[in-house]
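# Everything below, folded, please.
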Amino acid sequence: MKNAKMMGRIFSMAALSLAFIVAACGDDSSSGAQSESSKGSSLDDLDKCTKSLYGEVVYVEDEKAYFECSKEEKDWVKIDSTKHEAKSSSSKKSSKESSSSAGKKDSKESSSSSVKKDSKESSSSSVKKDSKESSSSTEKIVVKSKSISGVSQKGPFVKGSTVNVYELDSSLAQTGKSFTGKINSDDGKFSVKSVSLTNKYALLEANGYFRNEITGEKSKSPITLYALTDLSEREKVNVNLLTHLEYERTLYLVNEKGKSVAEAKKQAESEIFKAFGIEGKFGSSEDLDIFSTGDGNSALLAISVMLLRDLSEADLTEELTKFALDIEEDGSWDDESLFFTIAKWAKEKDLSGELGSVYSNVANWKLGSYPQGFEKYIRNFWYAYYELDECNKGNEGKVMDSEIDYSVTDRFICKSGAWVYASELEKDTYQWEPGVDGEVRTGDVLANNLYMYYEPYGRWDYMFSFDIPKEYHLNPDVTYGEMTDSRDKKKYKTVTIGEGEKAQTWMAENLNYEVKNSSMCYDDLSKNCDVSGRLYTWYAAVNKQVWEIKKGSGVSDEIVQGVCPKGWHLPTKAELDVLIENVGGELSSAGKKLKAKSGWNYRYNDHGDVYGEYDPSNLEKGAGTDDFGFSALATGYGSKETIYDDYGNIIARTDEYGSYGISSDAYFWSSSDKGAYYKLENISDYFSYTDCDTPYNHCEEWVDYNLAAVRCVKDK
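A predicted model of the protein is given here:
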């Protein structure tokens, strides 16, 4: 159909030329001039430029320009419209004058011959000149009817987003010609069809909503991203943050530094990667895709995540603009404030493990493969800012300080190839030499902290540590027995204290039998129960339901098995009195005799308050002598989380239990009174018993809100 239309136009042009010749009395002196131009709607309507069409000129309406079938280029080329019109006018005038001259019958033969010769030479000269001028003013169609496709990504742009292709001239300014396509699915893929350009450079513009890789949700507002590209040899162009950020820098390098577009783009891409501490050869920016594997794609995702963070779309657009302008002239990122903001965010998200959610979000979109290992680029970025060395095998266990964060000293330790926050123990005891078993030192960083050397385990650790087995705290000079709880097969050390009728056999460690929803491990970590046993509600300890126990009444001195194994029971007040008598009869000293020799820190109370300056002689105030092998550890207590007003008054309690007092206190339940308990403290040698006969002991509060340990005593 297109060929038929084109041939029709050519036949029309020939008919018009023939009519013009007949009207001019049949003279053929105009045969060397170009024919009058025809019209076409678009370049797609034109026939292939072949030998039979050389010299034909057609006006293309969509392009608003004349195109000539060029013999030199063997293609349709754009020609200057003013020169085409001048040339056409000159041809008409020459034809008219030649015809008039030929019609004069009284001309002399010699004169006629001379005129014809001159006319021929003049015509030849004119044709050559016009041909030269026409050739110099033409532009070759370098991109013809191409379909340009790719993916637009912040995260992927969603359905309904638009992609425009703008033609650029040699100075990378827009010519006014553009083509538009749409994204018809949520994977960011687009296609812009029938793109024809007389210049090979184009600017792609993607505008729309996108999927947020941080939240996993669709953005609340649209954004716009750009990509500068050479379309002469490619049909696929991806639009992403890297193509967007390099645009202004590329323009500057081309227009101000005289670099080629390819050189400028390559330099700009390298400078952006360098700004984020990323090194490598990743190919062209418009080939990168966050849904493909490879280091370059991982680097793109890392930059995308760091720049997005928790920003709104408006703030993200502003930040991208600032970054692009910052590097425009010198290729260097000089915005220290933004650098710090991103580094701090990257550090917090990395150390909290939240970067893993990006993998989850991207994977859940199911849009293809996604790059692995993007975290390494984010880590290297904040490592560099916080002036940390490379975390490799050679630096394993190394502790480094950083004061970058507004003079707040952070200490990091290299573990398994990654820097993480150093614990108090790690930063306080870094590079300490081995000590003597039981030796105590203050921390190098936190002077209020005390640490003990545990020779059997070759390590410095807290005065009470869940990483030190409970057996370490038993008295090696005492002969212990052993029993097995038939319910869960756990084994416990036992000890007999006293003689004759007053002899009692006690567990030498805390009970660790689980009562679901009514017991917990310290810090809610199951491994901690292996050292300190469990903390129980009083109702769980005595194995009574709330409605079985009347308010204000206990269970007297009857024997209550409660949570204890068969053949064992919770101690009554009377049995605790016998225990005190068996260890010397004095409450004021019984506590010290029942506490273990280790596992107590005299410097802290159950609220974490520090008692005075460190003095080695004060260690005796914390630890006990464990004369009888009771080996009580400072295992703390549990309590429902409390909400206070501005004056320190309790206004509410939650249903969640917290744990407190580790290394400073030990609380144990008794069965004699509702909520009764006995207690050992790190700063006291006392053994204290709290009964419920006096109002100020707050037994009701203890029953309702607190947890304590259980030591079982054997039935007689």
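
# How many neighbouring residues does G500 have?
Counted with other C-beta atoms under 10 Å, the neighbours of G500 add up to 5. For the C-beta atoms, the positions are set from N, CA and C on the backbone; glycine is no exception.

# nope, D230 is what I meant
Number of residues near D230 (other C-beta under 10 Å) recorded here: 20.

# beta partners of it?
Y201 (DSSP bridges).

# And it, how close does it get to A264?
With the distance defined as C-beta to C-beta, to the nearest Å, D230 ends up 11 Å from A264.

# following whichever strand or helix holds D461, which helix or strand shows up next?
For D461, the element it lies in under DSSP states H and E is strand 459-462. Later in the chain than strand 459-462, the nearest helix or strand by DSSP H and E is strand 481-484.

# Indicate each strand paired with that next one and its parallel or antiparallel sense.
strand 491-497 (antiparallel).

# Does Y226 lie in a helix or a strand, and which?
Per DSSP H and E: strand 223-230 holds Y226.

# tell me which residues of the helix or strand just after that strand are tucked away?
Toward the C-terminus, strand 223-230 is succeeded by helix 241-257 as the next helix or strand (DSSP H and E). For helix 241-257, the neighbour count (16 or more other C-beta atoms under 10 Å) marks 241-254 as buried.

# Take those residues and lay them out in JSON lines including distance to E217 and pLDDT.
Below are the buried residues of helix 241-257 laid out as JSON lines (distance: C-beta to C-beta, whole Å; pLDDT from 0 to 100):
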{"residue": "L241", "distance to E217": "19", "pLDDT": "96"}
{"residue": "L242", "distance to E217": "23", "pLDDT": "96"}
{"residue": "T243", "distance to E217": "24", "pLDDT": "97"}
{"residue": "H244", "distance to E217": "22", "pLDDT": "97"}
{"residue": "L245", "distance to E217": "24", "pLDDT": "96"}
{"residue": "E246", "distance to E217": "28", "pLDDT": "96"}
{"residue": "Y247", "distance to E217": "28", "pLDDT": "97"}
{"residue": "E248", "distance to E217": "30", "pLDDT": "96"}
{"residue": "R249", "distance to E217": "32", "pLDDT": "96"}
{"residue": "T250", "distance to E217": "33", "pLDDT": "96"}
{"residue": "L251", "distance to E217": "34", "pLDDT": "95"}
{"residue": "Y252", "distance to E217": "36", "pLDDT": "96"}
{"residue": "L253", "distance to E217": "38", "pLDDT": "96"}
{"residue": "V254", "distance to E217": "39", "pLDDT": "95"}
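
# would you list those in TSV and tack on distance to D401?
Formatted as TSV, the buried residues of helix 241-257 follow (distance: C-beta to C-beta, whole Å):
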residue	distance to D401
L241	34
L242	34
T243	40
H244	38
L245	33
E246	37
Y247	40
E248	39
R249	36
T250	41
L251	43
Y252	40
L253	41
V254	45
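
# give me the beta-bridge partners of the residue nearest to C391 when sequence neighbours are not counted?
Distance criterion C-beta to C-beta, 6 or more residues apart in numbering; nearest residue to C391, sequence neighbours excluded, is C414 at 4.1 Å. Beta-bridge partners recorded for C414 (DSSP bridges): W419.

# In terms of helices and strands, where is S149?
strand 143-151.

# re the thing from before, what about the residue nearest to C391, how many residues nearby?
So C414, with other C-beta under 10 Å, has 22 neighbours.

# Could I get the contacting residues of Y385?
F339, F340, A343, I404 (C-beta atoms under 8 Å, 6 or more residues apart in numbering).

# just the buried members of the residues you listed?
Among the contacts of Y385, those buried by neighbour count (16+ other C-beta under 10 Å) are F339, A343, I404.

# and which of the residues you listed is nearest S598?
The closest of the buried ones among the contacts of Y385 to S598 turns out to be I404 (C-beta to C-beta; 39.0 Å).

# Distance of the nearest residue to that closest one once chain neighbours are set aside relative to E348?
Nearest residue to I404 in three dimensions, chain neighbours excluded: Y386, at 5.2 Å (C-beta to C-beta, 6+ apart). Using C-beta to C-beta, Y386 is found at 12 Å from E348.

# more neighbours, the two?
Applying other C-beta under 10 Å to Y386 and E348 shows that Y386 carries more neighbours, namely 20 against 11.

# separation between the more buried one and A541?
49 Å.

# One more: D289?
Distance, D289 to A541, by C-beta to C-beta: 61 Å.

# Tell me which of the two has more neighbours.
When D289 and A541 are compared for neighbours, A541 comes out ahead with 27 against 24, by other C-beta under 10 Å.

# now that one, nearest residue through space, not along the chain?
A541 sits nearest to W669 (C-beta to C-beta, 6+ apart), 4.2 Å away.

# Show me what that neighbour bridges to in the sheet.
Y677.

# ok, it - contacts?
With C-beta under 8 Å, 6+ apart, W669 has these contacts: Y536, W538, A541, V542, L570, A676, Y677, A708, A709, V710.

# mind listing which of those residues are in strands?
Using DSSP state E, Y536, Y677 are the members of the contacts of W669 that sit in strands.

# and of the contacts of W669, the nearest to K595?
For the contacts of W669, the nearest to K595 is A709 (13.6 Å; C-beta to C-beta).

# how far away is the closest one from M483?
From A709 to M483 the distance is 17 Å (C-beta to C-beta).

# So which of those two has more stuff around it?
Counted by other C-beta under 10 Å, A709 and M483 do not tie: A709 has more neighbours, with 26 against 17.

# excluding its backbone neighbours, what's nearest that one?
N510 (4.5 Å).

# My read is that that neighbour contacts V710, right?
Yes: when contacts are counted by C-beta atoms under 8 Å, N510 is listed as touching V710 (6.6 Å).

# shared neighbours of those two, which are they?
Here N510 and V710 share the contacting residues G533, R534, scored by C-beta under 8 Å, 6+ apart.

# so who does the closest residue to C49 other than its chain neighbours touch?
What sits nearest to C49 in space, not counting adjacent residues and going by C-beta to C-beta, 6+ apart, is C69, at 4.1 Å. C69 sits next to C49, T50, L53, Y54, G55, E56, V57, D75, W76 when contact means C-beta under 8 Å, 6+ apart.

# Counting neighbours, what do you get for the closest residue to M463 other than its chain neighbours?
Spatial nearest neighbour of M463, excluding adjacent residues (C-beta to C-beta, 6+ apart): N601 at 3.9 Å. For N601, the neighbour count with other C-beta under 10 Å is 24.

# do C564 as well
25.

# do the same with the one 4 residues further on
Under the neighbour criterion other C-beta under 10 Å, W568 is assigned a count of 23.

# returning to that earlier point: the residue nearest to C49 belongs to a strand, doesn't it?
Yes: with DSSP: H, G, I helix; E, B strand; the rest coil as the criterion, C69 is located in a strand.

# how close does it get to T50?
Relative to T50, C69 is positioned 8 Å away (C-beta to C-beta).

# what's the answer for A574, then?
Taken as C-beta to C-beta, the span from A574 to T50 is 119 Å.

# And N543, by the same measure?
Going from N543 to T50 by C-beta to C-beta gives 102 Å.

# Kindly report the same for T293.
T293 is 47 Å from T50, where distance means C-beta to C-beta.

# if we can go back for a sec, quickly run through the sheet partners of the strand holding D461, with directions.
strand 450-454 (antiparallel).

# Am I right that Y667 falls within a strand?
Yes: assessed with three-state DSSP, Y667 lies in a strand.
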